[in-house]
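> sequence and predicted structure are below.
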There are 4 protein chains.
Amino acid sequence: MIIVLKIGSQEDEIQQVVAAVKKFQYEPKLIRGVERTIVACVGDERNHHTLESLIVLPQVESVTPVQKKYKLVSREYQAHDTLIDVAGLQIGGKAFHVVAGPCSVESAEQAKETAQAVKSAGATLFRGGAFKPRTSPYDFQGLGVPALEMLREAREKTGLPIVTEVMSPQDVELVARYADVLQIGARNAQNVPLLAAVAASGKPILLKRGVSGLVDEWLLAAEYICVHGNSKVILCERGIRTFEHACRNTLDLSAVAVAKKETHLPVFVDPSHAAGRADMIIPLARAAVAVGADGLLVEVHPDPAMALSDGGQQLKPAQFQQLMDELQPIVAAMGRQFAGA
Amino acid sequence: MIIVLKIGSQEDEIQQVVAAVKKFQYEPKLIRGVERTIVACVGDERNHHTLESLIVLPQVESVTPVQKKYKLVSREYQAHDTLIDVAGLQIGGKAFHVVAGPCSVESAEQAKETAQAVKSAGATLFRGGAFKPRTSPYDFQGLGVPALEMLREAREKTGLPIVTEVMSPQDVELVARYADVLQIGARNAQNVPLLAAVAASGKPILLKRGVSGLVDEWLLAAEYICVHGNSKVILCERGIRTFEHACRNTLDLSAVAVAKKETHLPVFVDPSHAAGRADMIIPLARAAVAVGADGLLVEVHPDPAMALSDGGQQLKPAQFQQLMDELQPIVAAMGRQFAGA
Amino acid sequence: MIIVLKIGSQEDEIQQVVAAVKKFQYEPKLIRGVERTIVACVGDERNHHTLESLIVLPQVESVTPVQKKYKLVSREYQAHDTLIDVAGLQIGGKAFHVVAGPCSVESAEQAKETAQAVKSAGATLFRGGAFKPRTSPYDFQGLGVPALEMLREAREKTGLPIVTEVMSPQDVELVARYADVLQIGARNAQNVPLLAAVAASGKPILLKRGVSGLVDEWLLAAEYICVHGNSKVILCERGIRTFEHACRNTLDLSAVAVAKKETHLPVFVDPSHAAGRADMIIPLARAAVAVGADGLLVEVHPDPAMALSDGGQQLKPAQFQQLMDELQPIVAAMGRQFAGA
Amino acid sequence: MIIVLKIGSQEDEIQQVVAAVKKFQYEPKLIRGVERTIVACVGDERNHHTLESLIVLPQVESVTPVQKKYKLVSREYQAHDTLIDVAGLQIGGKAFHVVAGPCSVESAEQAKETAQAVKSAGATLFRGGAFKPRTSPYDFQGLGVPALEMLREAREKTGLPIVTEVMSPQDVELVARYADVLQIGARNAQNVPLLAAVAASGKPILLKRGVSGLVDEWLLAAEYICVHGNSKVILCERGIRTFEHACRNTLDLSAVAVAKKETHLPVFVDPSHAAGRADMIIPLARAAVAVGADGLLVEVHPDPAMALSDGGQQLKPAQFQQLMDELQPIVAAMGRQFAGA
């Protein structure tokens, strides 16, 4: 921590800060400048109590942390990329994965038909919502347990492992019986009890960034899962909320590049939720591959105009095939290959 | 819903849209303009399936809802202000309420001392965190159940009803045994299972706006609680995340004015979390009163520099007294009076 | 400047940074922590070359400025409030000023009628647009010089000094012949040649904050004007662009409180542009008074529904009278009085 | 325009709206729904007066434009891509262009050395700042006319056409004598007099998006230039201001995809200003190529640590070579080739 004192602080005021720093078991080092005095506080900021509260002292101008708050997810802690095994697939390595499927599971037929279609086009995991966190109580809330059964059938038919969202700590055990990967949605990106509960399941976790989550907050959410003993975390960027409304959210590919540098965890991109409109998914998916993402999450529906949720951002199977065709040369240009090839 | 078709749409394309609209049981009305055709779709958008998915049709330029999605919380549904009884206090009427207390309950003494101090200064409810949703797993997470016991002691000593946060559906029953008002924090503003669980408790709910929550989303979160049979919802604005970092968040008093116009629910303001710095709380609290808020939520700690969480934004008891002194003439200018006077 | 080095930096890498710091004529002070080394750089950051470029050195983790960049506008430079004389009125003291008038000057009659009306209600300055910066080239661009003549007539009739916007350095001399206060609009908040040109006019300047301007950038724009020898700057908050669209912009009253603390310049608030809707102007204006603003800028039009620009946010004269009536007790509660009373 | 009336509007209130719509020479079409009446207003919204002011009528709930405001820049106006000739180079076709050079021109040697280096690596245009719009008056403001002379020398030596910024209408004629492309910076994205002045020069214009500019505002700024008779506009995305600060701005590649769909103008990307940090430029540049941009603007400096401005985001010549090497396969995967190859 770096504590900058106000211009004109008196010696006794300086010593008061020094004493407070010692009380919190940091070692204070004084730097006396022309106008100001600075107190550099030596000590591990993750183990010691934060000094940020000292900002309330009238002689203190600012308190700035020096360390990052996350540890287990950082490249300093583990330099090499984490590989996550999902039903025999390796996520986080050279192979590029595409997770595809409908926003909501609407029927056994819809699930199986979509799973078959995305598998043919090269997807390696199947996604579908059973429990849907919706903005309005009047919107379709998902079919719940029957949808989980439909996902199981789709897996039996196609062999594709299942990614599905869990919204409540009480449901984790249930959903984990069906899912190969548990998804934490953007609305639950800082739901601490839920992060602890999914960690305890031992399953791989696909962790969406919050709709206004800082990269640091996203990595700290992953740190929560790791601290609870589960390091099988796949990060997923899905667009952030900004002033711009040409698309529903603003896809933040800088965050992907920063996350790839800062952590050893795989990073996926969800262009469907970022764009909120089907016509932008292909160019954004190409960009996601090129920025260095390890995989994509794409919504596909047999008949988007009739979908029970988020129809506007779902691709038809033929459009999904086009997506995969356009991605192929970019994946190759990045020195990777489709896992499903 | 208003569906705008693209320039040059052919008659069969127009009829395709008309047919889709009828299929969803809206009545389509065609308006043929110079360049474009518009399909106005008559029907209750809350009961019928959404037409927004029709945006995927190639001839559709835009689909715009006409109705608001919320109903029970709206002034159209109930014109007069909702009054909420909390242990004999009336919230939402002429009386202006100040809820005060520490960010975290740290000890029985800290809780009692602070409760006594804020009561003397005119606060009518006591707040304190037992379960703390923190950004980092290495930050103080709250004392949990012992903190609930300390809050109970503080209530017994001072008579002030208790407001405290609940973070998980599983904890609702427990926390409801101690609390007079259950708080939903900003990170849980769209935690649907939690909204349902607190609704079922029958307790008054203090519902914080999400850190990037639209006013519409905030009101729809309240609608979730009302739909589950509990209309005792106090809305609370606590600052939104923007590009500006002079304060931790940007207090959005326009949202308070809009909420007061759109809904019949009481609206509180939390200047402590909005500012994230103690020196801005008094002016922002004055502004909150003047914009028309029904109450305030203010963090007070006997020794903020030593606080275990968010020390930088907590007022000392003497500063809280100053706050109440400065608010008094503004409260009077608004034709109201302090509930604790 | 505080330079934090990466974990594991070698002695020669540390000395390379020390040498670079000396080259830029700062005095480096080394703090060796458990994991990291920090170089505190002593020297006036405003006179010396910035060290921020040193971030490109591979051993550097972060470079953080310690000083604020503005100087002449700061409370450290001048502790007491600046008073600005506008045609005999004092701005920045106890008196509270309301500047009112139409978005655009549309005719001599409209200008005179509105000026008369706002004067009767207690406004002390008259505003009206002659040169209008519009988002679209197809929108009304203002009447130009004839509008300036109409403003002059309105001043002759009512005695109210004139505030009007200037958009181009070439027009400054012209506009300054008519205006008592030159307004810099939000779109020109960082138009450096224009800031220099208005400074040279010697006129008082009303400086709007940029639509996404940081408080620091706003104060630095004022600093540009002061550096060019003109310290008669009135700051004006007018809403910032955020994700929220219930109002056109988000009025940021925290920025007003921060600006009042950081600078000695008067700070006004423009609730009309912040809200973009007439029904929110009165509550936001009350809040602006209560937060501590020194004045308001309010749009008033005899017939807003027929206005040539921004009709949706203009008050009718009767609504303006209501605004003044509602403000009066808040102004009094703040220990101030209307300048026009 | 679609005007939605409030629930319960009476017939005379409806007819008042109808009359106002006719007064503005639109043709009103009434749609009477279950709860509400809607007035669809037929007519060209670009030629007629806006109806948006009708929102102030008490019976009006919302007024929504149906048409886009831009015309000349739209694909509806011109379906095929615009090709812009810059000193014999074609911009906007299959060839991919990289514009490179230092943030500020600091000396004749620096300019020539950098121009030579970027040309060798494959850049086809040279950029360098002579007039610098800086946030602080104490920052380096550019060398002005001498820098223009240095740019001319660099062009003479390398043959690379010059891109440089102009900040003031008065300087347009001067800068146009040296530059092949005039750049409008992000701070001037809505500087209407400057847009008119550069249009009149007849030169190709590189138009940066404003730091908080909506895609619509960016296209309308281009429309201003086109309306003034100059359609040689290259759009340039350079990052927007959001809550996220891991990078200085958030690169918005969705905006590039939307702009490519909506307009026929070439779209470039500036990853240097978006990232504000050198280590993110290569991945973001790859993503920009893959999303479909027509060119890049990249800052290169012989010794970034010693740069007079924005050193932290400038690449060394060797890093620029690496950038070009990494881009090459992505450019090829997109079916394009480097213009400089």
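Yep, that arrived.
> residue A:183 is in contact with residue A:163, isn't it?
Yes: between residue A:183 and residue A:163 a contact is recorded at 5.6 Å, counting by C-beta atoms under 8 Å. For glycine as for every other residue, the C-beta is placed from the backbone atoms N, C-alpha and C.
> now do the shared contacts for the two.
A:127, A:206 (C-beta atoms under 8 Å, 6 or more residues apart in numbering or on different chains).
> between the two, who's got more neighbours?
residue A:163 (26 against 23; other C-beta atoms under 10 Å in any protein chain shown).
> sec struct for the more buried one, please.
strand (DSSP: H, G, I helix; E, B strand; the rest coil).
> near chain C at all, the helix or strand hosting residue A:260?
Assigned by DSSP states H and E, residue A:260 falls within helix A:253-262. No: using C-beta under 8 Å from any C-beta of the partner chain, helix A:253-262 stays clear of chain C, coming no nearer than 11.9 Å.
> dump the residue contacts of residue A:330.
A:286, A:289, A:290, D:290, D:330, D:333, D:334.
> can we see that at 7 Å?
A:286, A:289, A:290, D:290, D:330, D:333 (C-beta atoms under 7 Å, 6 or more residues apart in numbering or on different chains).
> dump those to JSON lines, plus secondary structure and pLDDT.
What follows is the contacts of residue A:330, written out as JSON lines (DSSP: H, G, I helix; E, B strand; the rest coil; pLDDT from 0 to 100):
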{"residue": "A:286", "secondary structure": "helix", "pLDDT": "98"}
{"residue": "A:289", "secondary structure": "helix", "pLDDT": "98"}
{"residue": "A:290", "secondary structure": "helix", "pLDDT": "98"}
{"residue": "D:290", "secondary structure": "helix", "pLDDT": "98"}
{"residue": "D:330", "secondary structure": "helix", "pLDDT": "98"}
{"residue": "D:333", "secondary structure": "helix", "pLDDT": "98"}
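> tell me where the stretch 1-150 of chain A has strands.
A:2-5, A:27-32, A:37-42, A:60-64, A:84-86, A:89-91, A:95-101, A:125-127 (DSSP state E, counting those that start in this stretch).
> out of the ones you listed, which one sits most buried?
strand A:125-127 (a mean of 29; mean count of other C-beta atoms under 10 Å in any protein chain shown).
> avg pLDDT for that one?
Mean pLDDT, computed over strand A:125-127, is 98.
> strand partners of that strand, parallel vs antiparallel please.
Next to strand A:125-127 in the sheet, as set by DSSP bridges, lie strand A:95-101 (parallel), strand A:162-165 (parallel).
> of those strands, which approaches residue B:93 most closely?
Across the strands paired with strand A:125-127, residue B:93 has its closest neighbour in strand A:162-165 (41.5 Å, C-beta to C-beta).
> packing partners for the helix holding residue A:260?
helix A:215-227, strand A:233-237, strand A:267-269, helix A:281-291, helix D:281-291 (3 or more C-beta pairs under 7 Å, 6 or more residues apart in numbering or on different chains; DSSP states H and E).
> again, only using 6 Å
On a contact count with 3 or more C-beta pairs under 6 Å, 6 or more residues apart in numbering or on different chains; DSSP states H and E, helix A:253-262 meets strand A:233-237, strand A:267-269, helix A:281-291.
> residues contacting the nearest residue to residue A:161 once chain neighbours are set aside?
Once flanking residues are discounted, residue A:161 sits nearest to residue A:180: 3.6 Å by C-beta to C-beta, 6 or more residues apart in numbering or on different chains. When contacts are counted by C-beta atoms under 6 Å, 6 or more residues apart in numbering or on different chains, residue A:180 touches A:86, A:87, A:161, A:162.
> for the residue of the stretch 51-200 of chain A found nearest chain D, which non-adjacent residue is spatially closest?
In the stretch 51-200 of chain A, the residue that lies nearest chain D is residue A:68 (11.3 Å; C-beta to the nearest C-beta). The shortest distance from residue A:68 to any non-neighbouring residue, by C-beta to C-beta, 6+ apart, is to residue A:74 (6.7 Å).
> thinking again about what came up before, could I get the strands paired with strand A:125-127 in TSV, plus columns for distance to residue D:28 and mean pLDDT?
Shown next, in TSV, are the strands paired with strand A:125-127 (distance: least, C-beta to C-beta, whole Å; pLDDT from 0 to 100):
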stretch	distance to residue D:28	mean pLDDT
strand A:95-101	46	98
strand A:162-165	46	98
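> how about those strands in JSON lines, adding distance to residue A:228?
Shown next, in JSON lines, are the strands paired with strand A:125-127 (distance: least, C-beta to C-beta, whole Å):
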{"stretch": "strand A:95-101", "distance to residue A:228": "24"}
{"stretch": "strand A:162-165", "distance to residue A:228": "19"}
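> who in the stretch 151-300 of chain A is up against chain D?
By C-beta under 6 Å from any C-beta of the partner chain, the residues of the stretch 151-300 of chain A that approach chain D are A:212, A:215, A:242-243, A:246-247, A:250-254, A:257-258, A:280, A:283, A:286-287, A:290-292.
> show the pLDDT at residue A:244.
97.
> got the phi and psi for it?
Main-chain torsions, residue A:244, degrees, to the nearest 10: phi -80, psi 130.
> count of neighbours near it?
Counted by other C-beta under 10 Å, the residues lying close to residue A:244 total 23.
> can you check residue A:12 too?
So residue A:12, with other C-beta under 10 Å, has 8 neighbours.
> give me the pLDDT for it.
For residue A:12, the model assigns a pLDDT of 95.
> kindly report the same for residue A:77.
pLDDT, residue A:77: 94.
> can you give me every residue that contacts it?
Neighbours of residue A:77 in contact, by C-beta under 6 Å, 6+ apart: residue A:71.
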